[in-house]
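Build me a model from this:
(2 chains)
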Amino acid sequence: MLSCKEVTRVCSDELERPLKLGEQASLHLHLVMCTGCTQYRRQLRTLRQVMQAYAEGRALPPVDPREDEDR
Amino acid sequence: MTGASDAEDSRGANREREGSMRGISAESLLSLRADMLRFADLQLRDRAMAEDLVQESIEAALRKSSSFNGQSTLKTWVFAILRNRIIDHLRQASRTVNMSSLVDDGEDWHEKLEAMFTERGAWRDGPRPVAWPDPQESMQTRQFWSVFETCLDHLPPATGRVFMMREFLGFESDEICRQLSISTSNCHVILHRARLKLRTCMDTGWGRPEGAPC
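Numbers count the residues shown, from 1 in each chain, chains lettered A, B, ... in the order given. You can find the predicted model right below:
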């Protein structure tokens, strides 16, 4: 039985390499019982999407005081 | 040295004129300069090098402006050029500098990450992840991006570099391991810790603004 701490590692590895069958089984067994880790896994995917948007230059620049009049 | 850069300046000016004739003005590129600099600096953590690469990218964009087909936004197109410059630079640097010496951030910050879990490895109540707001919506706000950049900036330097190579520049983790002469499993551990830390930071700064203990 994997602990939450181990599951966070597997969720990251999953983004780097195909998981072994055993790893996949233990991951999903844990996820059905653990909302924390289910959210964690979802959040890693969100972070990847955000990074992708960022790398494409889709980030908004920081608040520019000169633009105050526009807002 | 001065002579060479004068010549470079006048070539640059010519390119700017050529570029603007094809519909991309030097002004529109220069307005992206501040964003490009933050982007490059975050990746390289070397201001002077970041400025050089941004300058080169702006010049390259003007030279190649005829290949900008207007399908992507100008910003996306220019950022792709800059990203490629950064990738080339890192590949070259890894041949001349022993980058493995950069892959050590000490152990202190790991302890904070460990403290999110009980001795048996279960989430403690405070740090246990709960659902985040809709990221698509948040990505339309400046506040979100300023938290995100701050969080990236707060990754320990070596860890940040590996993470950025992976997620930002799109290197496969195998290539990162090779370039930095570290083992695959070490590389995966570094990426794992980077994600754990970045997630925690985003959680505090954006995901639950009511302020959870961190």
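
what about the residue of chain A found nearest chain B, distance to A:S12?
Taking C-beta to the nearest C-beta, chain B has its nearest neighbour within chain A at A:S3, 2.8 Å off. C-beta coordinates here come from the backbone N, C-alpha and C atoms, glycine included. Taking C-beta to C-beta, to the nearest Å as the measure, A:S3 falls 15 Å from A:S12.

Those two: which is more packed in?
Between A:S3 and A:S12, A:S12 has the larger neighbour count (other C-beta atoms under 10 Å in any protein chain shown), namely 22 against 18.

shouldn't the more buried one be in contact with B:C187?
No. Look at A:S12 against B:C187 with C-beta atoms under 8 Å: they stay out of range, at 11.1 Å.

ok, now which ones touch the most centrally placed residue in chain A?
Nearest residue to the geometric centre of chain A (C-alpha atoms, centre = their mean): A:L44, 0.5 Å. Contacts here follow C-beta atoms under 8 Å, 6 or more residues apart in numbering or on different chains; on that basis A:L44 touches A:C11, A:S12, A:L15, B:R195, B:R199.

Would you mind listing the two of those residues that lie farthest apart?
Greatest spacing in the contacts of A:L44, by C-beta to C-beta: A:L15 and B:R199 (12.6 Å).

if I pick the residue of chain A closest to chain B, what's in contact with it?
Listed by C-beta under 8 Å, 6+ apart, the contact partners of A:S3 are B:F117, B:R120, B:G121, B:A122.

got the phi/psi numbers for it?
Main-chain dihedrals, A:S3, degrees, to the nearest 10: phi -90, psi 170.

And for B:F117?
Backbone torsions for B:F117, taken as degrees, to the nearest 10, come to phi -120, psi 150.

tell me the contacts of it?
Per C-beta under 8 Å, 6+ apart, neighbours of B:F117: A:S3, A:C4, A:K5, B:W123, B:R124.

try it again with 6 Å
Residues in contact with B:F117 (C-beta atoms under 6 Å, 6 or more residues apart in numbering or on different chains) are A:K5.

A:L15 and B:R199: which is more packed in?
Comparing A:L15 with B:R199 by neighbour count (other C-beta under 10 Å), the higher total belongs to B:R199, at 23 against 18.

what comes up buried for the lengthiest helix in chain A?
Identified as the longest helix of chain A according to DSSP state H is helix A:35-55. Using 16 or more other C-beta atoms under 10 Å in any protein chain shown as the test for burial, helix A:35-55 gives A:36-41, A:43-44, A:46-47, A:50-51, A:53-55.
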